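K.L.:
Build me a model:
(2 chains)
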Number of protein chains: 2
Amino acid sequence: MWFNRRMDTSLLPFFQPKGVVVIGASTSAEKLGYGVARNLIQSGYPGAIHFVSQKPGELFGRPLHTDLARVPDPVDLAVLIVPPHATPQAIEQCGRRGIRAAVIVSSGFRETGAEGAALEQTCLETARAHGVRLLGPNCIGVIDTHLPLDTTFLQPPMPSPGGIGFVSHSGAFAASIVDWARGEGFGFSQIVSLGNQADVNETDMLAVLAEDPHTKVVALYMESVSNGRRFVETARQVSRRKPVIALKVGRFAAGQKAAASHTGALAASDTAFDAAFAKAGVLRADTAEQMFDWARALENCPLPHGKRIAILTNAGGPGVIAADSLETNDLAPAQLTESTLKALSAILPPSASLHNPVDMLASASPQTYADCLRLLLADPSVDAALVILPPPPMFKAEEVAEKLIEVIRQFDKPVVVSLMGSALIEEANKTFRDAGVPTYPFPERAVSALSALHRRAQFLRRDDIPETPVPASLPPLSNPEELLTAYGIVTAPLELAHNVEEAVAIANELGYPIVMKIASPDISHKSDVGGVMLNIKDASSLSSGYAQIVQRVKAAAPHARIEGVYLQRQIPAGQEVIAGMVRDPQFGPLMMFGSGGVEVEGLKDVAFALAPLNQAEAEEMIRKTWAGKKLSGFRSIPPADEGAVIEVLVQLSRLAVENEFVDEIEINPLRVLEKGAIAVDVRMKTR
Amino acid sequence: MWFNRRMDTSLLPFFQPKGVVVIGASTSAEKLGYGVARNLIQSGYPGAIHFVSQKPGELFGRPLHTDLARVPDPVDLAVLIVPPHATPQAIEQCGRRGIRAAVIVSSGFRETGAEGAALEQTCLETARAHGVRLLGPNCIGVIDTHLPLDTTFLQPPMPSPGGIGFVSHSGAFAASIVDWARGEGFGFSQIVSLGNQADVNETDMLAVLAEDPHTKVVALYMESVSNGRRFVETARQVSRRKPVIALKVGRFAAGQKAAASHTGALAASDTAFDAAFAKAGVLRADTAEQMFDWARALENCPLPHGKRIAILTNAGGPGVIAADSLETNDLAPAQLTESTLKALSAILPPSASLHNPVDMLASASPQTYADCLRLLLADPSVDAALVILPPPPMFKAEEVAEKLIEVIRQFDKPVVVSLMGSALIEEANKTFRDAGVPTYPFPERAVSALSALHRRAQFLRRDDIPETPVPASLPPLSNPEELLTAYGIVTAPLELAHNVEEAVAIANELGYPIVMKIASPDISHKSDVGGVMLNIKDASSLSSGYAQIVQRVKAAAPHARIEGVYLQRQIPAGQEVIAGMVRDPQFGPLMMFGSGGVEVEGLKDVAFALAPLNQAEAEEMIRKTWAGKKLSGFRSIPPADEGAVIEVLVQLSRLAVENEFVDEIEINPLRVLEKGAIAVDVRMKTR
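P.N.:
Take a look at the predicted model:
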């Protein structure tokens, strides 16, 4: 029994059933109910197998029961292939028979419209009432290659056993991947097709796969998320123990709501997923090919201690391609030590290139490949190696493979192979696969796999970031300045004075120097009419200034209504940035930082992260943008207080977590001084 | 004879030899001289085949001659596999025998160091003296699948015939690709391995392949360029007639020289290649896989008239992946017409999704696939289609393939297929390939191929941009302002006045309003000491201002040396951009445009293009940047004179072409007004 920690044991029968019944088994080879029965038998499932059908008879030498109640023990998992309208009753019968889990293969539910959705809801309610967990409907079920168990109707054979657990929102996609993987030569531990997720969803299954001892890495194909916050929490825990890779599609889903701030406008519908995966330590792949390229490396290779890669090749061109890829994948070429270079030069012909990429030339024998790789892996300045193996002109590729594998086994450093070609490297490919050495047809893909190993190692080296504790919520403050002030963020409020006495009183409150601006609903460009006065240093200048400004504006705009003046503490010069939050419906508060001002949306120099932020996360966000890098100073731009910006972001994220009525909030600009940072202008949108 | 236009007929014997002699043929199976002889025979080459060896004897039923002079006619191409030091003599003998072309397979030349380079030079000189063209040394020669001819020593069989001409700087890379292509099931027209390019280079071969009637698309694997300007000119001509795709490696080559300007600092060593490919209409691929994914589509498909793509699928997941990819590849989902939607709904089940992507559901039969595709291709709002075909649960994929092919043949619109899986789609894959329908294992790669077709179509729709004629060069002007002025670019020169009389005289020259700034080597922040005075409107304000500014500075900085004042015509407010040029050693003047100011290098909001620029090219460059987009106005930022910026870029590029002594020139900022643009600050670096 491999279930132990934190997992929902009610999901146990999906993976470790004592007996499985196929409800809707069929003797017609073209029916799904036949395919499921066939796969269950052919999979070699060691538990009891039962068939239920409307007509009595026999299938694969087993009786076709017409009544589920008559099916003998043990039986705890049902696979339902019955018409949609008959499904609720079948679920009820499962419950009465003591079956605790059911896979609903049939379609015709929520995906077909309102009527189907109602039927699906009935299924769920029936299941809850009778203590049955549901997978599906509209799914292809579960495959466990190690138990083994296959509840799908996919064309046999079952995928080969492996260490990749694969959870998919799309059954067709899973089916394609199973067939494609066969051609690529890799296997799976578990495959779960989720279908409509009436009950069990991707997060539930992620938690289950985390406990499976055969699953070394989890690959998720996601079209949506059922509960964003719960997914992040679960994935965050799982990813500390096992690598999780996600392919999230629907990046450009339409229907983004109109945004009230720059932050809202820039946060595309998919940005929150990026931030969520980052927070949860989930590696996000761009393509299916990439997801499984990474998964194969993470399944088989030890993690590197750093990002210094040695490239070993028998041809210059592919070596250059690999070196280019290091750069685009945030890896670095290892600088080989003098003793390694010396030892290489003793083995290699004089015109070989010793400096990484090490080009042994086309004449390199299997022994030369092995000897060079040994030298590279023994070099303390090498964290991982990429071996490039085009069809060698004078040797067989499989001979090279065998020699290399001996060396790879002696070291605890990751080695991936770019095995280029097809017919000429087929044998070598099998040899590498049997030895658990991942191969890729081109150097770029091999380097991308190394980068996944590196990112995984980096993630594990980082301290687990504790969630900021959420204290009891504060009384809601509807004024943005007051709210920011409550979180220790310094603001520069603009206060209205209706006459000179009020102005002096307000100025005494705010402190000098003061800026004064005319308050008129009819004037948009205040400085054009002499309506702005800077650097007012005391009460007497303020009094005389008040009269002056009103007089100037009256002269320039005789018909404008004048309400008084706005007073604001004069803020010293500094760098200006933007800090904002928009509440994502799935993942909650999504924080933004970057280059502020009016051009925010044009420059797009912004970074996003999920709240709450701790200091390290806020710092990482800042460093991703030019606005953030510039805080350390640049040419004639003096440095500004990065620490103050970090504090503002951390506090703004707390504010967002603790004040659910705030839908969007944006400080633009946040003026960052030599010491401190001041929210000059704040916008807030509340529910 | 397929050579007709503009090509160098001396290269003819490499591709259409009447007779080939292998010099260094060997009877030992492990020798290259055996492999070359074997391939030449096995290729089915229809011309005469001769062997020369040191020892007499027989090979493949043909005599081994010991003397080249005794080899009978016809013979016009030699393949040399002789030791490096014996190569010059062999070339000389070729010349004396009347052989006009030689492939030098042997290595041990320039790639091994100075001595080898000298030997290579001797080979070249000998070849020139005796009228022999050389391919290599250190190359694997030429394959023509249609003639057929194979001068390589690669493991047979020869690649299958196809329409892709492939020119490679790396022999090993070409060898891998030949084997890989076999597995992928596509063929080639010509394969040329260039080796050290002592004589014939990639540009020569590009011109040759342009004339080959079997070559529908040219794929270039490039590690460098022999002559940048010549490459651009040749590729520009070729690409009007045939698609050219390049994979240029060495993107991050070290050794970039220290730059004197932002333009120089931002122009990475590879930027010029990007600009050169853009100018030449060459599609630049990121990976080898991508290059051939594109090549297969360009070889087989008609070009689309627009970018509106219909996606036809039997599963939602892969449809979403495809839709995402449209977005990242600058394509758009077609908005199907009402009549198409109506016709689709008559065919498909009620829960199918009619709106593009059209999801027919898993039950879709071969006939349904065909009927839907016919409706989509007949829709005038569809420019191209992607069909997604995971292994269909109830049918054979090859049956779907056959039905689809019938439809594809009836329309002149490109259709690509994402055929997902491996064993279950093998037959379908062959069926599609035989019909010339490109297939890809994942939707992302299929969409990328469609985008290559779209970009090719866009390129051909654009008018061929004539090169700006280069007039007789002007007398060199070493003052940047004078130089810009000579090209009609308005500058705002800063002129030094040593006293008030000089100031008034200069101001009369420049015109009012005037800005005055203190001229002192000891003061860096002029405004801090009251050393700047704006908006001086007449001579009397200037006179009083002069005294005032000097007095203020003397009070604030008593020890500063004062040389007088700088005068500059006051420039109205406007948008500020950067326009620059850095001379690339390979491709000549490389132009830059983007966001200016001190933060240029941080914001990296810049675009590059190769000079000379015409108006359309300058406009395209501008539109690629935020700085350029902003010229049309944005929120509170008023629009500025884009036309004036275009004119500055065009003229600056002319300046660059016509004044070779200018190594770098940069206008930062170029102030763009409501009408006109003024170069406020100019830097220039000359030879």
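
K.L.:
Low-confidence stretches in chain A?
P.N.:
Scanning chain A for pLDDT under 70 picks out A:1-7, A:252-260, A:268-269, A:463-478, A:524-525.

K.L.:
Can you pull up the most central residue in it?
P.N.:
Computing the C-alpha centroid of chain A and ranking residues by Cα atoms, centre = their mean puts residue A:277 first, at 2.3 Å.

K.L.:
What helix or strand is that residue located in?
P.N.:
helix A:271-280 (DSSP states H and E).

K.L.:
which secondary structure elements does that helix contact?
P.N.:
Counting contacts by 3 or more Cβ pairs under 8 Å, 6 or more residues apart in numbering or on different chains; DSSP states H and E, helix A:271-280 packs against helix A:228-241, strand A:244-248, strand A:283-284, strand A:588-595, strand A:606-610. Heads up, the C-betas are built off the backbone N, CA and C, glycines and all.

K.L.:
Mind listing residues that contact stretch A:52-67?
P.N.:
A:21-27, A:33-34, A:37-38, A:41, A:49-51, A:68, A:71 (Cβ atoms under 8 Å, 6 or more residues apart in numbering or on different chains).

K.L.:
Now do the end-to-end distance for that stretch.
P.N.:
Separation of the first and last residues of stretch A:52-67 by Cα to Cα, to the nearest Å is 7 Å.

K.L.:
Over to stretch A:679-687?
P.N.:
Stretch A:679-687 end-to-end distance (Cα to Cα) = 22 Å.

K.L.:
Contact residues of the stretch 1-150 of chain A facing chain B?
P.N.:
Applying Cβ under 8 Å from any Cβ of the partner chain, we find that the stretch 1-150 of chain A lies next to chain B at A:30, A:32, A:107, A:108, A:111, A:112, A:113, A:116.

K.L.:
per the record, what domains does chain A have?
P.N.:
Listed by automatic domain parsing, the domain ranges of chain A are A:9-250+A:265-290, A:301-461, A:493-569, A:575-686.

K.L.:
Of all these, which one comes closest to residue B:135?
P.N.:
Evaluated over the domains of chain A, closeness to residue B:135 peaks at domain A:301-461, with 17.1 Å, by Cβ to Cβ.

K.L.:
and stretch A:77-84, C-alpha only, in PDB?
P.N.:
Written as PDB, here are the backbone C-alpha positions of stretch A:77-84 (Å, rounded to 0.1, in the frame of the first residue of the first chain):
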ATOM      1  CA  LEU A  77     -13.900  -0.100  -8.600                       C
ATOM      2  CA  ALA A  78     -16.500   0.200 -11.300                       C
ATOM      3  CA  VAL A  79     -15.900   1.300 -14.900                       C
ATOM      4  CA  LEU A  80     -19.200   2.600 -16.300                       C
ATOM      5  CA  ILE A  81     -20.000   2.500 -20.000                       C
ATOM      6  CA  VAL A  82     -23.800   3.000 -19.800                       C
ATOM      7  CA  PRO A  83     -26.000   5.600 -21.500                       C
ATOM      8  CA  PRO A  84     -25.900   9.000 -19.800                       C
END
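
K.L.:
contact partners of that stretch?
P.N.:
So stretch A:77-84 is contacted by A:13-14, A:17, A:19-26, A:31-33, A:36, A:40, A:68, A:87, A:90-91, A:94, A:99-109, A:116, A:119, A:137, A:141, A:151 (Cβ under 8 Å, 6+ apart).

K.L.:
what do you get if the cut-off is 7 Å, keeping everything else the same?
P.N.:
Stretch A:77-84 is contacted from outside by A:13-14, A:17, A:20-24, A:32-33, A:36, A:87, A:90, A:94, A:99, A:101-106, A:108-109, A:116, A:119, A:141, A:151, using Cβ atoms under 7 Å, 6 or more residues apart in numbering or on different chains.

K.L.:
Show me which of the residues you listed are buried.
P.N.:
The neighbour-count test (16 or more other Cβ atoms under 10 Å in any protein chain shown) marks A:13-14, A:17, A:20-24, A:32-33, A:36, A:87, A:90, A:94, A:99, A:101-106, A:108-109, A:116, A:119, A:141, A:151 as buried among the contacts of stretch A:77-84.

K.L.:
Just the residues you listed: which are in helices?
P.N.:
A:13, A:14, A:32, A:33, A:36, A:87, A:90, A:94, A:116, A:119 (DSSP state H).

K.L.:
Farthest-apart pair in the residues you listed, please.
P.N.:
A:13 and A:116 (26.0 Å).

K.L.:
For the closest residue to chain B within the stretch 401-550 of chain A, which residues are in contact?
P.N.:
Per Cβ to the nearest Cβ, residue A:422 is where the stretch 401-550 of chain A lies closest to chain B, at 2.6 Å. Residues in contact with residue A:422 (Cβ under 7 Å, 6+ apart) are B:179, B:180, B:182, B:183.

K.L.:
Check the secondary structure at the residue nearest to it when sequence neighbours are not counted for me.
P.N.:
Spatial nearest neighbour of residue A:422, chain neighbours left out: residue B:183 (2.6 Å); criterion: Cβ to Cβ, 6 or more residues apart in numbering or on different chains. What DSSP: H, G, I helix; E, B strand; the rest coil gives for residue B:183 is helix.

K.L.:
burial count for residue B:183?
P.N.:
Per other Cβ atoms under 10 Å in any protein chain shown, the neighbour tally for residue B:183 reads 14.

K.L.:
now the strands for the stretch 501-650 of chain A?
P.N.:
With DSSP state E, counting those that start in this stretch as the criterion, the stretch 501-650 of chain A has strands at A:514-519, A:532-536, A:564-569, A:575-584, A:588-595, A:606-610.

K.L.:
My error: substitute the stretch 201-350 of chain A in the last question.
P.N.:
A:217-222, A:244-248, A:283-284, A:308-313, A:332-333.

K.L.:
right, so of those strands, which gets closest to residue B:597?
P.N.:
strand A:332-333 (31.8 Å).

K.L.:
Return the distance of the closest one from the chain's centre.
P.N.:
Remark: strand A:332-333 is offset 26 Å from the chain centroid, using Cα atoms, centre = their mean, to the nearest Å.

K.L.:
Partner strands of it, with direction?
P.N.:
In the sheet, strand A:332-333 lines up against strand A:308-313 (parallel) (DSSP bridges).

K.L.:
roughly how far out does the strand it pairs with sit from the chain middle?
P.N.:
29 Å.

K.L.:
show me what contacts residue A:537?
P.N.:
Residue A:537 makes contact with A:512, A:513, according to Cβ under 7 Å, 6+ apart.

K.L.:
JSON lines for the domains of chain A, including distance to residue B:600?
P.N.:
Formatted as JSON lines, those follow (distance: least, Cβ to Cβ, whole Å):
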{"stretch": "domain A:9-250+A:265-290", "distance to residue B:600": "23"}
{"stretch": "domain A:301-461", "distance to residue B:600": "22"}
{"stretch": "domain A:493-569", "distance to residue B:600": "29"}
{"stretch": "domain A:575-686", "distance to residue B:600": "10"}
